[in-house]
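Chemist: show me how the following folds:
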Amino acid sequence: MSEIPSAQRWLTLIGIGEDGPAGLGDEAKRLIASAPAVFGGARHIDLMQPLIKGEAHAWLSPFEKSIEAVLARRGTPIVVLASGDPFFYGVGATLSRHIPLSEMIIVPAPSSFSLAASRLGWPLQDVTILSLHGRSLDLLRPHLHPGRKILALTSDGQGPADLARLLQESGFGQSMLTVLEALGGPNERVSTQQAADFALSGINDLNVCGIDVVVGEGARILPLAAGLDDHLFEHDGQITKREIRAMTLSALAPRRGELLWDIGAGSGSIAIEWMLADPSMRAIAIESNSDRAARIRRNAASFGVPGLAIVEGQAPHALAELPTPDAIFIGGGGSDAGLMEAAIGGLRKGGRLVANAVTTEMEAILLAEHARRGGSLIRIDIARAAPIGSMTGWRPAMPVTQWSWVKE
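Modeler: Have a look, this model is predicted:
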């Protein structure tokens with residue numbers, strides 16, 4: 001690489017490893033040595049101290065202050081140090097929201113995930129990669145499937161033990177947990193134990209965990225299909241049953257990165273399955289009953305979607321000031337005065353609304369909305385086999401009327 005920073009390319013992002021200057025090429029070393037200012041984490045600054053000739057600036061707290069400091073020097077050569085690949089869960093993603101790529105020079109290094117995969121001999125394209133740094137460990141739960149291999153970046157030295165505990169409590173205690181510490185540096189250590197017997201101590205804060213998933217008896221596996229079994233959810237009877245839920249999610253038609261309002265959320269099952277469709281999905285559960293709101297929060301954690309936002313309040317008033325949704329589901333309270341109008345008014349153009357009715361009052365509203373606005377109207381009848389004395393017969397569930405509509 002021979003490109004030289006200029007007023008157009010004033011910001012140089014350099015990925016570094018635990019081996020410090022020894023792992024850098026000559027050009028990266030030259031860029032650091034010639035920079036009037038170098039920004040990075042305190043550890044990064046310490047590792048590169050032999051090369052730094054200009055001002056050294058460790059990241060401030062809150063991090064936004066450092067972003068402002070970098071932007072204040074726009075047009076003058078600056079080096080920003082990052083761990084491994086700056087654009088893989090790194091500072092590059094943050095800086096690129098403020099600075100166009102045309103103003104950057106990027107010198108990446110192998111990410112900790114690449115190093116971990118190479119130590120384990122795991123094909124990276126076949127591995128689930130998760131960053132749990134500063135995030136809930138519950139995010140691991142949807143990925144716990146038989147034979148799955150997972151690489152998870154943790155927050156600190158306590159992270160691996162916490163992961164082992166989660167695995168054991170969820171029925172995956174036989175899984176093999178490999179802790180890879182300070183990869184690429186002189187303090188590198190790789191240790192493997194069964195999650196149920198995990199007893200490592202003194203673990204370096206810089207660690208990645210490799211999980212080779214083994215399913216034990218009673219393990220809580222979350223299938224990939226829509227319409228998860230009702231028993232997986234904690235509920236008080238206020239839940240969209242699995243068959244209806246599968247059809248409802250199909251009608252909602254989740255698309256990557258979209259936001260859902262789940263109005264009258266009950267157990268939160270619709271919002272939770274919406275978010276399970278893809279890590280980019282967002283949802284807000286609106287629920288007026290405080291016990292149910294608390295239950296939704298517990299369900300969200302146990303399904304590995306702790307980012308589900310919960311608004312405790314009565315719609316339509318609780319809808320005020322919420323971000324504009326791409327889709328809305330009305331499962332409860334749809335017959336309340338003003339709710340349907342508020343939901344339709346809040347939906348973005350091109351957004352989808354799906355409403356289910358089990359009462360005649362709500363059904364009348366849906367029939368009227370269908371007559372006024374169009375859309376799709378279906379009636380769903382489900383019957384389940386159940387004992388009748390010594391024999392078996394069909395026991396019908398309450399029929400559901402479903403209205404689906406796209407806002408033009």
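Chemist: next, count neighbours for the closest residue in space to residue 157 that isn't next to it in sequence.
Modeler: Nearest non-adjacent residue to residue 157, counting by Cβ to Cβ, 6 or more residues apart in numbering: residue 203, 4.0 Å away. C-betas here are computed from N, CA, C, even on glycine. Using other Cβ atoms under 10 Å, residue 203 is surrounded by 20 other residues.
Chemist: hang on, isn't residue 203 packed against residue 160?
Modeler: Yes. Counting by Cβ atoms under 8 Å, residue 203 touches residue 160, with 5.7 Å between them.
Chemist: anything in contact with each of these two?
Modeler: Common neighbours of residue 203 and residue 160, using Cβ atoms under 8 Å, 6 or more residues apart in numbering, are residue 179.
Chemist: distance of the residue nearest to residue 157 from residue 116?
Modeler: According to Cβ to Cβ, to the nearest Å, residue 203 and residue 116 sit 14 Å apart.
Chemist: and for residue 337?
Modeler: 56 Å.
Chemist: between the two, who's got more neighbours?
Modeler: Counted by other Cβ under 10 Å, residue 337 and residue 116 do not tie: residue 116 has more neighbours, with 26 against 8.
Chemist: list the contacts for that one?
Modeler: Residue 116 neighbours (Cβ under 8 Å, 6+ apart): 122, 151, 180, 183, 208, 210.
Chemist: tell me the pLDDT at residue 158?
Modeler: What the model reports as pLDDT for residue 158 is 97.
Chemist: okay, residue 238: pLDDT?
Modeler: As predicted, residue 238 sits at a pLDDT of 89.
Chemist: who's in contact with it?
Modeler: 266, 267, 292, 332.
Chemist: with distance to residue 28, neighbour count and pLDDT added, can I get these in CSV?
Modeler: Putting the contacts of residue 238 into CSV (distance: Cβ to Cβ, whole Å; neighbours: other Cβ atoms under 10 Å; pLDDT from 0 to 100) gives the following:
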residue, distance to residue 28, neighbour count, pLDDT
266, 55, 23, 94
267, 53, 24, 96
292, 55, 23, 97
332, 58, 24, 78
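Chemist: the residues you listed: which two are farthest apart?
Modeler: Using Cβ to Cβ, these span at most 10.5 Å, a distance reached by 267 and 332.
Chemist: which ChimeraX command selects the buried ones in the contacts of residue 116?
Modeler: What follows is the ChimeraX syntax for the buried subset of those, where burial is set by 16 or more other Cβ atoms under 10 Å:
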select :122,151,180,183,208,210
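Chemist: nearest to residue 164, of the contacts of residue 116?
Modeler: Nearest to residue 164 among the contacts of residue 116 is residue 210, at 12.4 Å by Cβ to Cβ.
Chemist: each with direction, which strands does the helix or strand containing that closest one pair with?
Modeler: Element membership of residue 210 [criterion: DSSP states H and E] is strand 207-212. If you go by DSSP bridges, strand 207-212 pairs up with strand 149-153 (antiparallel), strand 176-181 (antiparallel).
Chemist: want to try TSV for the contacts of residue 116, with distance to residue 47 and pLDDT as columns?
Modeler: Formatted as TSV, the contacts of residue 116 follow (distance: Cβ to Cβ, whole Å; pLDDT from 0 to 100):
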residue	distance to residue 47	pLDDT
122	27	98
151	23	98
180	19	98
183	14	96
208	18	98
210	24	98
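Chemist: how about the closest residue in space to residue 143 that isn't next to it in sequence, what does it touch?
Modeler: Spatial nearest neighbour of residue 143, excluding adjacent residues (Cβ to Cβ, 6+ apart): residue 128 at 4.8 Å. By Cβ under 8 Å, 6+ apart, the residues touching residue 128 are 143, 148, 149, 150, 151.
Chemist: just among these, which is most surrounded?
Modeler: When neighbours are counted by other Cβ under 10 Å, residue 151 leads the contacts of residue 128 with 24 neighbours.
Chemist: I figured it hits residue 115, correct?
Modeler: No. The pair residue 151 and residue 115 does not pass the contact test of Cβ under 8 Å, sitting 10.1 Å apart.
Chemist: just say helix, strand or coil for the residue nearest in space to the middle of the chain.
Modeler: The chain has residue 279 as the residue nearest its centroid, 4.3 Å off, counting by Cα atoms, centre = their mean. With DSSP: H, G, I helix; E, B strand; the rest coil as the basis, residue 279 sits in coil.
Chemist: all helices of the stretch 251-400 of the chain, in order?
Modeler: 269-276, 290-302, 339-346, 360-373 (DSSP state H, counting those that start in this stretch).
Chemist: report the distance from the third one to the chain centre.
Modeler: Distance of helix 339-346 from its chain centroid, counting by Cα atoms, centre = their mean, to the nearest Å, is 28 Å.
Chemist: who are the packing partners of it?
Modeler: Here helix 339-346 touches strand 259-263, strand 327-330, strand 352-357, going by 3 or more Cβ pairs under 8 Å, 6 or more residues apart in numbering; DSSP states H and E.
Chemist: do the same with the longest one
Modeler: Using 3+ Cβ pairs under 8 Å, 6+ apart as the contact definition, the elements that helix 360-373 packs against are strand 352-357, strand 376-380, strand 400-406.
Chemist: now these in TSV, with mean pLDDT, distance to residue 66 and mean neighbour count?
Modeler: Formatted as TSV, the helices and strands packed on helix 360-373 follow (pLDDT from 0 to 100; distance: least, Cβ to Cβ, whole Å; neighbours: other Cβ atoms under 10 Å):
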stretch	mean pLDDT	distance to residue 66	mean neighbour count
strand 352-357	98	41	24
strand 376-380	97	51	13
strand 400-406	97	44	20
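Chemist: closest one to residue 308 among those strands?
Modeler: So among these, strand 352-357 is nearest, using Cβ to Cβ, at 18.1 Å.
Chemist: counting by contacts, list what that closest one packs against.
Modeler: helix 242-252, strand 327-330, helix 339-346, helix 360-373, strand 400-406.
Chemist: can you list the ones you listed in a markdown table and add distance to residue 199?
Modeler: What follows is the helices and strands packed on strand 352-357, written out as a markdown table (distance: least, Cβ to Cβ, whole Å):
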| stretch | distance to residue 199 |
| --- | --- |
| helix 242-252 | 40 |
| strand 327-330 | 46 |
| helix 339-346 | 52 |
| helix 360-373 | 56 |
| strand 400-406 | 52 |
